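In: Test case, fold it:
(chains A, B, C, D, E and F, ligands or ions: 3)
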Amino acid sequence: MEVNGADTSWILISSALVLFMTPGLALFYGGMVRAKNMLAMLMMNYVAMGVVTILWVVVAASLAFSGNEVSGLVGNLGLVGFRGVGLGNEIFGYSIPDSLFLGFQMMFAIITPALIAGAVAERMKFSAWVAFVAIWSVIVYAPMAHWVWGGGFIATQVKAVDFAGGLVVHINAGAAALALVFVLGPRIGWGNSVIRPHNLPLTILGAGILWFGWFGFNAGSALGANGLAAQAFMTTHIAAAVAATAWIVAESVSGGKPTTLGFVSGAVAGLVAITPAAGFVNFMGAIIIGIAAGVICFMALRLKTMFKFDDSLDVIAVHLVGGILGALLLGVLADPAVNELATGGMSQLTAQAISVVIAFAYSFVLSYVIAKVLDMLIGIRASETGEREGLDIALHEEQAYQMAE
Amino acid sequence: MEVNGADTSWILISSALVLFMTPGLALFYGGMVRAKNMLAMLMMNYVAMGVVTILWVVVAASLAFSGNEVSGLVGNLGLVGFRGVGLGNEIFGYSIPDSLFLGFQMMFAIITPALIAGAVAERMKFSAWVAFVAIWSVIVYAPMAHWVWGGGFIATQVKAVDFAGGLVVHINAGAAALALVFVLGPRIGWGNSVIRPHNLPLTILGAGILWFGWFGFNAGSALGANGLAAQAFMTTHIAAAVAATAWIVAESVSGGKPTTLGFVSGAVAGLVAITPAAGFVNFMGAIIIGIAAGVICFMALRLKTMFKFDDSLDVIAVHLVGGILGALLLGVLADPAVNELATGGMSQLTAQAISVVIAFAYSFVLSYVIAKVLDMLIGIRASETGEREGLDIALHEEQAYQMAE
Amino acid sequence: MEVNGADTSWILISSALVLFMTPGLALFYGGMVRAKNMLAMLMMNYVAMGVVTILWVVVAASLAFSGNEVSGLVGNLGLVGFRGVGLGNEIFGYSIPDSLFLGFQMMFAIITPALIAGAVAERMKFSAWVAFVAIWSVIVYAPMAHWVWGGGFIATQVKAVDFAGGLVVHINAGAAALALVFVLGPRIGWGNSVIRPHNLPLTILGAGILWFGWFGFNAGSALGANGLAAQAFMTTHIAAAVAATAWIVAESVSGGKPTTLGFVSGAVAGLVAITPAAGFVNFMGAIIIGIAAGVICFMALRLKTMFKFDDSLDVIAVHLVGGILGALLLGVLADPAVNELATGGMSQLTAQAISVVIAFAYSFVLSYVIAKVLDMLIGIRASETGEREGLDIALHEEQAYQMAE
Amino acid sequence: MKLIIAYIAPFKLDEVRDALKETGVTGLSASNVQGFGRQAGHTETYRGAEYDVDMVPKVRIEVLVDDSLAPAVISSIETTARTGSIGDGKIAVLPVEDVIRIRTGERGRDAV
Amino acid sequence: MKLIIAYIAPFKLDEVRDALKETGVTGLSASNVQGFGRQAGHTETYRGAEYDVDMVPKVRIEVLVDDSLAPAVISSIETTARTGSIGDGKIAVLPVEDVIRIRTGERGRDAV
Amino acid sequence: MKLIIAYIAPFKLDEVRDALKETGVTGLSASNVQGFGRQAGHTETYRGAEYDVDMVPKVRIEVLVDDSLAPAVISSIETTARTGSIGDGKIAVLPVEDVIRIRTGERGRDAV
Ligand SMILES: Nc1ncnc2c1ncn2[C@@H]1O[C@H](COP(=O)(O)OP(=O)(O)O)[C@@H](O)[C@H]1O
Ligand SMILES: Nc1ncnc2c1ncn2[C@@H]1O[C@H](COP(=O)(O)OP(=O)(O)O)[C@@H](O)[C@H]1O
Ligand SMILES: Nc1ncnc2c1ncn2[C@@H]1O[C@H](COP(=O)(O)OP(=O)(O)O)[C@@H](O)[C@H]1O
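Out: Ligands and ions are numbered 1, 2, ... in the order given. Got it, this is the predicted structure:
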């Protein structure tokens, strides 16, 4: 296949859109923390754009997408330092330049650890976070990407599918979030009173940016400008809209008011859940996934109270639960008329379930170990004074907002 | 015609851009209300992304774009639930997938009612707003879209043209805004003292997002990546720039200072006015439309004081007046060298004038009736206490900003 | 060559992305000034979208891109008012419509003077700023664009290259900033105490928008959707990521904490430095440029203290120094395997160095003269009371934020 | 001299300021506070968790006045800020030993 | 009557308010201040320039109380706001000549 | 003891704080207020509607001091905050009955 201009155009802008999601996510999360931790929250997200990019070029891209070693467990070192990646498509043979394929994938590698930040907000040490992100990108993210998208065993042996990252991105990040939350423990004062968001308009703007960027994430995963991209575009939007609406309906039904944070949380939940399914389901499938995501992720908020863990910004309820929902529902709802790569039905569902378990287990266990080791070596939690005073001053010597002068 | 990758690529991103305008609009409006109504304002916009999407898929898209019944008055139910919409272009035969065509159009259906929100800000009840948007999308927006773009009587019999939504979007929303404002009455305290915007930087950012997204709106309306799209892109940008400048010149000439809110209001006015004309006029035409929009919309701000109606954020001066300006000027300025579909001249102008009257009358009357009926059934205005306390707490049990903790 | 849909699609969205950078820049700068000067800062940026657009259409585009007069010193008046620019590509013969080529270039003409605003923040008079931008666009920017991209003498005789604007945009703006800073003098109170940013989250969001938009800036400069665009896309992203990381490492090494403002400043420095080189270097080249930009621009912050000039928001350290770095390093690092138009090596380096000197000198001298003349004619500095009270009220009769009511 | 502090509903600020001007007050300072009182407060929701907020936004006005003007100021605030519903707020009168106008160095009642 | 002003660490606000409610206080007003005191402050950085910030965010609580309740209020704040580390803040007790409840016009101790 | 309240121009805060430190003051609290006074205010524009804003941003400083230090504090603020133009602000001196340092429980002048 030759490099095709139209596909290249669409994946160029899709890559930019996915990169833009990380600032969007930073705002989405940042608005929900207290003012004194705002910059630290933004920084946890932004730093992924630096650290993961470097590691991706140096080694992670190669582990994910170069060859296939140890029966599908990991790639080789053939593309270390993007060696031999030129302007053409000789390596991967897609209709877009090889560098662009690796670039598009890089943006996913960036936002995935950034998603985790929401769970550990307001208490994790910056140095430990950077170390965690660096290690995790190489030994958790890259192999998982290989298994699912790089010709590894989940694709070829388990035969599970994942259109744009239900396993690789959301379950992966959600499981890591859970592990980190256990190692870190709750924020000071958690459970006594509700810790309130300091600037919801920024959160809502962030959600708007996420929604916008997600078109690149999901419809870009068609790797071309074609009918499948359009289908993924539409299922993505529909699931987001339905889930957002379902969430505020659920809020109202359970005795509260429809909230703006609820609406945008529902939208994100819908976007998460449709991610693995976007290019496999029809419009009815998107609606069902949207409803499920809106209602079940809303209910999943209670998990943290039931099991007493402090997942600061509900990464588990939204990304872990939403990702699992999408990966499983896709097993039921996949429509071969949309995409013959997934047929739906019992065997598909089984494959999906197995892949979910593997992704969850691998990410949870390794994340736990990395966090524990880092905690022993350098400590992963900010000092008590720092946490009280605010991480912005304690870790970055900066304040988000200044008194008017 | 086959599905064309280049056109698909451009309409994919254009659709994303138009969707992104709604969060942009939310900020643009949100910055102008008082802090206590910020979230309610954002929510009025965002909820359109949920509710309109659902209704569009379920029925409105079909009424707008499927067939042509009752001599061009409305579509049929052939596409209810997006029935039969697949990855190809069998239904509409454009050079992009059918689902993408409906998706691009959906984004217009979303932002149009969102535009109305500015007029009713700071006093309308959320439940009534949701009901209004839902009903209006189906019985006002969908038919109007059909008349103009779906093969209905304005296109085929009146022979008026509307490149990207002067009639369908701006006059339509502006007329509805006027009707709602009459039914609702003014905000408490309106007229006694100026109600001041709480966060202009967000308004200005919102305007930046709108300007950015409008390229998808107007240049996307060429439905392909070609010379006409480029022309619409350029006329859009030029009109915005000229109108923004004209507005601050008008401010200065009439004895004030050039304001930032004036600049961005002018930009939006220019974008509105060029919308129907973007793919029909040459660059000189764009400049003339820009000047007219900047100056006349600025002067139209006085209407609300003259006729004593509380159009909170000047939807009428900007969208109704701007939309009418553009639709009429296009009759004079259309250049067949740009697009042979509009020739300019007297007969074109007459057709445009007739279409303006029809669009205004239909939208105003139906919107008035819907609002009145809703007011009788559930009440459309927030309680006095709620309005004083702020709609965020009263309607959504949330506060936009929290005291530093 | 025929107009090509894929290339057109990519340049349409690239143009929109570059336009979006100006609102992004406004936020980036705006967050760093004091609250009382917020709107004035935003306005200095936004007004460029108005004034430069008008002048570009009227005359500047023609001076830059029409023909080649006085041995490569300036264009002619053949395209005044975009005369004869139609839907095809008859004039320039690129694979995109002529109007789009001029539109893409226009967005560069807009953001370049906007970059200067950071240096003169918090004290320059709005009227003088508008006059400066207008004159500067025509007699500094347009000729420089001609020399480098319009077939002028830097391209044809000096044989220096500039992929996306190291000379034309960054050195040009940086030199003008330096000149203006000398004419204006420092802000009241500068040097006594640190003048602190009022809203860093907006600055960080602005940087995110800049990063996003820069993909259009650099990868769009390939003028097509092809391997070179992908290469520029990747080098751009890599340089930004590396420079951001290098900056916070430099901060830490020199005894401070890694700051969020540092991270985003580094990102911008990296984006600046890669701009001239994006389509000429390989990935290793991008990494080296990134490291150099992060470390050297960070060190260059000290210049203003050493030489006692008040460059409010460090335009010189970031854009002038970063631009020079990129333009020179490209001489060393250019890889003909990436783009045969630049070979690297001694003669390339010499050409680059000469072009840097010319660009700096021309812009500095003319900017200085324009500023001096304007100062004599209308005064370029706000009144002392105005500066103390805040420019928002003094110049625009507006306040950015209102006390909660 | 007295310092009169009033906690009032935010939407009353303009009215109260205008009334005070008519009373002869030549200066005042206002700031935002969060007040807790008999007024019930309200419920807020954060991601499914409801909680009671018993602090409501109020505006705090401070007026330095000469003793002779104090009663008029108090009754002017009382009349203007009253809506009759809970949350109207409170006025406190504090003794002031001295007032200085920074610009001129005037002291006492001349400085008010 | 007294006006009790306390400058406390922001994260203590909820606790102090709850404690005061138990003491019988029926109202208070709180606002954000920047405090300078013995507490060291901190270093901030702005684009490579380090500078010392000796102001730290504090919350200022004001409680109007009847004389009889004052000692209880003071000791309640003292106990609840104390962490034992520098920066815990201060309490000041000011005499109040009169208090008026705007809604009812009640005066003095009834108004508190 | 006294509570000295000063309303000053915002850009004077740093200078005043430094001057007070030299005078021997060991603590103060500052907050943003909107002041109305002789200073003319300014015109603002909102979408073509001009209106007068007679409130200007000021900073309010509160210093608890021992009686003996009060005169020095007052004259230090006077000198530093004065620019000679309208809007320089005011200083008020209020009697304080007691001061308590929360951390240690010290009272009176030791607590200041
Ligand atoms: N004892 C008090 N001390 C300080 N402020 C008070 C006190 N009581 C009330 N306030 C202020 O007055 C506001 C209104 O008081 P509230 O009791 O709700 O209304 P009302 O005075 O009409 O009964 C409160 O929100 C608070 O700001
Ligand atoms: N003399 C004072 N006048 C006004 N406020 C003060 C004074 N001293 C301290 N404060 C306030 O109390 C806070 C804590 O004071 P600090 O001296 O840091 O702690 P501590 O009282 O534990 O020694 C300060 O940040 C300031 O807000
Ligand atoms: N009577 C007053 N009560 C409370 N605050 C006052 C009073 N008079 C002035 N102020 C405060 O002092 C500031 C400056 O006062 P103003 O009359 O403008 O200046 P000047 O004192 O120089 O004549 C005001 O903005 C306000 O914050």
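In: Ramachandran angles for D:Gly105?
Out: phi 80, psi 0 (degrees, to the nearest 10).
In: can you tell me which residues contact the residue located most distally from the centre of chain D?
Out: Note on chain D: the largest C-alpha distance from the chain mean falls to D:Gly48, namely 35.9 Å (Cα atoms, centre = their mean). By Cβ atoms under 8 Å, 6 or more residues apart in numbering or on different chains, the residues touching D:Gly48 are A:Glu251, A:Ser254, A:Gly256, A:Gly262, A:Phe298, A:Leu301, A:Arg302. All C-beta atoms are positioned from the backbone trio N, CA, C, and that covers glycine.
In: let's see 7 Å
Out: By Cβ atoms under 7 Å, 6 or more residues apart in numbering or on different chains, the contact set of D:Gly48 is A:Phe298, A:Leu301.
In: now D:Ala9
Out: D:Ala9 neighbours (Cβ under 7 Å, 6+ apart): D:Lys58, D:Ala81, D:Gly87, D:Asp88, D:Gly89.
In: ok, for the third one, nearest residue in space, not its chain neighbours?
Out: Take D:Gly87 and drop its neighbours on the chain: the residue closest to it by Cβ to Cβ, 6 or more residues apart in numbering or on different chains is D:Gln39, 3.5 Å away.
In: I'd like the distance between the one you found and A:Val33.
Out: Counting by Cβ to Cβ, to the nearest Å, the gap from D:Gln39 to A:Val33 is 29 Å.
In: which residues are contacting the helix or strand bottoming out on mean pLDDT in chain D?
Out: Here the helix or strand of chain D ranked lowest by mean pLDDT, DSSP states H and E is strand D:49-53, holding a mean of 86. Strand D:49-53 has contacts (Cβ under 7 Å, 6+ apart) with A:Val194, A:Gly256, D:Gly41, D:His42, D:Thr43, D:Glu44.
In: rewinding a little: which of the helices or strands spans the residue nearest to D:Gly87?
Out: D:Gln39 belongs to no helix or strand when assigned by DSSP states H and E.
In: Model confidence score at A:Glu405, please.
Out: We have a pLDDT of 64 for A:Glu405.
In: Leaving out sequence neighbours, find the closest residue to the closest residue to chain F within the stretch 51-200 of chain A.
Out: For the stretch 51-200 of chain A, the residue closest to chain F is A:His198, as judged by Cβ to the nearest Cβ, at 17.4 Å. Once flanking residues are discounted, A:His198 sits nearest to A:Ala35: 4.3 Å by Cβ to Cβ, 6+ apart.
In: Quick check: the one you found vs A:Glu122, distance?
Out: 11 Å.
In: same thing with A:Val47?
Out: 16 Å.
In: Looking at the two, which one has more neighbours?
Out: A:Val47 (26 against 22; other Cβ atoms under 10 Å in any protein chain shown).
In: elements contacting the helix or strand that contains that one?
Out: If you go by DSSP H and E, A:Val47 is part of helix A:38-55. Applying 3 or more Cβ pairs under 7 Å, 6 or more residues apart in numbering or on different chains; DSSP states H and E, we find helix A:38-55 packed against helix A:5-30, helix A:98-120, helix A:126-136, helix A:391-396, helix C:200-219, helix C:227-253, helix C:260-274.
In: which parts of the third one are buried?
Out: It stands for helix A:126-136. A:Phe126, A:Ala128, A:Trp129, A:Val130, A:Ala131, A:Phe132, A:Val133, A:Ala134, A:Ile135, A:Trp136 (16 or more other Cβ atoms under 10 Å in any protein chain shown).
In: contacting residues for the third one?
Out: Looking back up the chat, that one is A:Trp129. Counted by Cβ under 7 Å, 6+ apart, A:Trp129 has contacts A:Met44.
In: circling back to that earlier point, quick one: strands adjacent to the least confident helix or strand of chain D?
Out: strand D:42-46 (antiparallel) (DSSP bridges).
In: and chain D, which of its residues are near chain B?
Out: D:Phe11, D:Asp14, D:Gln34, D:His42, D:Thr43, D:Glu44, D:Thr45 (Cβ under 7 Å from any Cβ of the partner chain).
In: Most widely separated two among these?
Out: D:Asp14 and D:Thr45 (31.2 Å; Cβ to Cβ).
In: Between the two, tell me which one has more neighbours.
Out: D:Thr45 (19 against 16).
In: What does the spatially closest residue to that one that is not a sequence neighbour show for phi and psi?
Out: Of all residues not flanking D:Thr45 in the chain, B:Glu397 sits nearest, at 4.5 Å (Cβ to Cβ, 6+ apart). Main-chain torsions, B:Glu397, degrees, to the nearest 10: phi 50, psi 40.
In: before we move on, the earlier item: isn't the residue nearest to A:His198 right next to A:Tyr401, touching?
Out: Yes - contact criterion Cβ atoms under 7 Å: A:Ala35 and A:Tyr401 qualify, at 6.4 Å.
In: So for the two, which sits in the more crowded spot?
Out: A:Ala35 (24 against 21).
In: what's the pLDDT at the more buried one?
Out: 95.
In: where's it relative to E:Pro10, distance?
Out: 10 Å.
In: cool, and A:Asp162?
Out: A:Asp162 is 45 Å from E:Pro10, by Cβ to Cβ.
In: Among these two, which residue is more densely surrounded?
Out: A:Asp162 (32 against 22).
In: give me phi/psi at the more buried one?
Out: Torsion angles, degrees, to the nearest 10, at A:Asp162: phi -160, psi 100.
In: quick one: pLDDT of it?
Out: So A:Asp162 comes in at 98 (pLDDT).
In: Isn't it up against A:Ile171?
Out: No - the criterion here is Cβ under 7 Å, and A:Asp162 misses it with A:Ile171 at 9.2 Å.
In: what touches both of the two?
Out: A:Ala327.
In: Show me what counts as buried in the helix or strand harbouring A:Ala351.
Out: Assessed by DSSP H and E, A:Ala351 sits inside helix A:346-377. Residues of helix A:346-377 classed as buried: A:348-349, A:351-353, A:355-356, A:358-360, A:362-364, A:366-368, A:370-371, A:374 (neighbour count, 16+ other Cβ under 10 Å).
In: Nice, that's everything, thank you.
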